[in-house]
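[1] One predicted model, sequence on top.
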Amino acid sequence: MNVADRVLQKTAERAAADVIGVDAKSVRVEIVSARDTAVVRVTSPFPVPRLDDTAAVRAATPVLEAARSAQSELRSRLTRLFGREVSRVDLTVSGASAPQRKRVL
């Protein structure tokens, strides 16, 4: 992998983490480039509310709907950042990421 490929990889990882709402270290990205376009494959955990927070669970967007929205937003953002068309973003949800419980001292 050359320097330009690594820059695109890191850019895509950070953008995906930001759009999805998880830590960039937990996101894996593969970029398949053609002449004028790219396909980006993202594997990431997906944020979900704590299951004991029933109000947050009721208010949460369904995962499938949130994933579709993240794919669309990420495709637009990466097209802008890469300066070339990203024809598709494939998102694989690898698990769940719940917010940490805050400790009261």
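    Looks like it arrived, so ask away. Numbers count the residues shown, from 1 in each chain.

[2] so which strand or helix has S72?
    helix 63-82 (DSSP states H and E).

[3] ends of stretch 41-61, how far apart?
    22 Å (CA to CA, to the nearest Å).

[4] how many neighbours does K25 have?
    Look at K25: counted by other CB atoms under 10 Å, it has 8 neighbours. Backbone N, C-alpha and C define where each C-beta goes, glycine included.

[5] part of a helix, is it?
    Yes: the assignment for K25 (DSSP: H, G, I helix; E, B strand; the rest coil) places it in a helix.

[6] Would you state the secondary structure element containing the closest residue to V93 other than its chain neighbours?
    Of all residues not flanking V93 in the chain, F46 sits nearest, at 4.7 Å (CB to CB, 6 or more residues apart in numbering). Per DSSP H and E, F46 falls inside strand 37-47.

[7] can you give me how far that strand is from the chain middle?
    6 Å (CA atoms, centre = their mean, to the nearest Å).

[8] Please identify the buried residues of it?
    38, 40, 42-46 (16 or more other CB atoms under 10 Å).

[9] Check stretch 22-36 too.
    Applying 16+ other CB under 10 Å to stretch 22-36 flags 22, 26-27, 29, 31 as buried.

[10] now that stretch, how far from the chain's geometric center?
    Chain-centre distance of stretch 22-36: 9 Å, with CA atoms, centre = their mean.

[11] Quick check: end-to-end length of that stretch?
    First-to-last distance for stretch 22-36 - CA to CA - comes to 30 Å.

[12] do the same with stretch 53-71
    End-to-end distance for stretch 53-71, by CA to CA: 27 Å.

[13] For it, which residues meet the burial criterion?
    Those would be 66-67, 70-71, for stretch 53-71 by 16+ other CB under 10 Å.
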